[in-house]
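Student: Let's see this in three dimensions:
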Amino acid sequence: MDLTRADGSPLRVLVVDDEVNIAELITMALRYEGFDVQAAHTGTKAVAAAKEMAPDAVVLDIMLPDIDGLEVLRRMRTTDPHLPVVFLTARDAVEDRIAGLTAGGDDYVTKPFSLEELVARLRGLLRRAGAQAAAESTVLTVGDLTLDEDSHEVHRGGDEITLTATEFELLRFLMRNPRRVLSKAQILDRVWNYDFGGQANVVELYVSYLRKKIDAGRQPMIHTMRGAGYVLKPPP
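Tutor: A predicted model of the protein is given here:
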């Protein structure tokens, strides 16, 4: 399975377990497999981390010190209804398994487990999720901004916006990573396909073009994070 997103960046996995040593073991194993991994040790921090990193999948312990894994998943699914999840639990009772899967967990691994088994389960989940996504619409939506990857049509608030090919690719990269700060080097690499080397002015130029078309006369969605890069997010 290709462990990358559509833009070529690694698939992101959020690992949630209050046992720090277990979370670290899983994190190291998944990074070795090529995933971009973050860890959280409480339910509250997990929900916040999910909003920030927009994971492609979550490895989630049911028993957490503040809010349980089922509630954590419910909150995450308000943002991403199809987020793939593997539950971790020390209990193997039938009712727990049913409760987890009914709540939307896609798979269930009982402690103690092998890291190889967990990685295999996660790969299977992502493979199924990727097949489902490919069969669905290729329309990206952030706030009132939509981009159709097939027809190349872009609308904001119902108004059609005409973009050049490069402007379209830049907007697509921003919209595939909403609320995520993207550096000029990342944008150059993904949109122009060459490494950073004194060409940052090209990014600045095309961001200004996009702003004139996307944000003109409206609440801005494209923001400059001084010294860090750019981020696209819906208006508050």
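Student: Residue 4 against residue 12, yeah?
Tutor: No - between residue 4 and residue 12 there is no contact, the gap being 10.5 Å when judged by CB atoms under 8 Å. Placement of C-beta: from N, CA and C, glycine included.
Student: Now stretch 163-181: buried residues?
Tutor: 163, 167-178, 180-181 (16 or more other CB atoms under 10 Å).
Student: Pick out whichever of these sits closest to residue 40.
Tutor: Ranked by distance to residue 40 (CB to CB), the buried residues of stretch 163-181 are led by residue 180 at 17.1 Å.
Student: Could you verify that the closest one is part of a helix?
Tutor: No - read with DSSP: H, G, I helix; E, B strand; the rest coil, residue 180 is coil and lies in no helix.
Student: How much space separates the nearest residue to residue 139 once chain neighbours are set aside from residue 171?
Tutor: With CB to CB, 6 or more residues apart in numbering as the criterion, residue 139 has its nearest non-adjacent residue at 5.0 Å, and that residue is residue 148. From residue 148 over to residue 171 the distance is 12 Å, taken as CB to CB, to the nearest Å.
Student: which residues do those two both contact?
Tutor: residue 154 (CB atoms under 8 Å, 6 or more residues apart in numbering).
Student: just to revisit the earlier point, of residue 4 and residue 12, which one has the most company?
Tutor: residue 12 (18 against 14; other CB atoms under 10 Å).
Student: Make sure that one is actually in contact with residue 35.
Tutor: Yes - between residue 12 and residue 35 there is a contact under CB under 8 Å: 7.2 Å.
Student: ok, back up a step: closest to residue 232 among the buried residues of stretch 163-181?
Tutor: Nearest to residue 232 among the buried residues of stretch 163-181, with distances taken as CB to CB, is residue 174, at 4.0 Å.
Student: just checking, that closest one touches residue 233?
Tutor: No - look at residue 174 against residue 233 with CB under 8 Å: they stay out of range, at 9.5 Å.
Student: Residue 115: what's it in contact with?
Tutor: Taking CB under 8 Å, 6+ apart as the test, what residue 115 contacts is 25, 26, 29.
Student: tally of neighbours for the first one?
Tutor: I take that to be residue 25. Neighbour tally, residue 25, other CB under 10 Å: 15.
Student: does it belong to a helix or a strand, and which?
Tutor: Using DSSP states H and E, the element containing residue 25 is helix 20-32.
Student: Now the element after that helix, going C-ward?
Tutor: strand 36-40.
Student: tell me what the helix or strand just after that next one is packed against?
Tutor: Downstream of strand 36-40, the first helix or strand assigned by DSSP H and E is helix 43-53. If you count contacts as 3 or more CB pairs under 8 Å, 6 or more residues apart in numbering; DSSP states H and E, helix 43-53 packs onto strand 12-16, strand 36-40, strand 57-61, helix 69-79.
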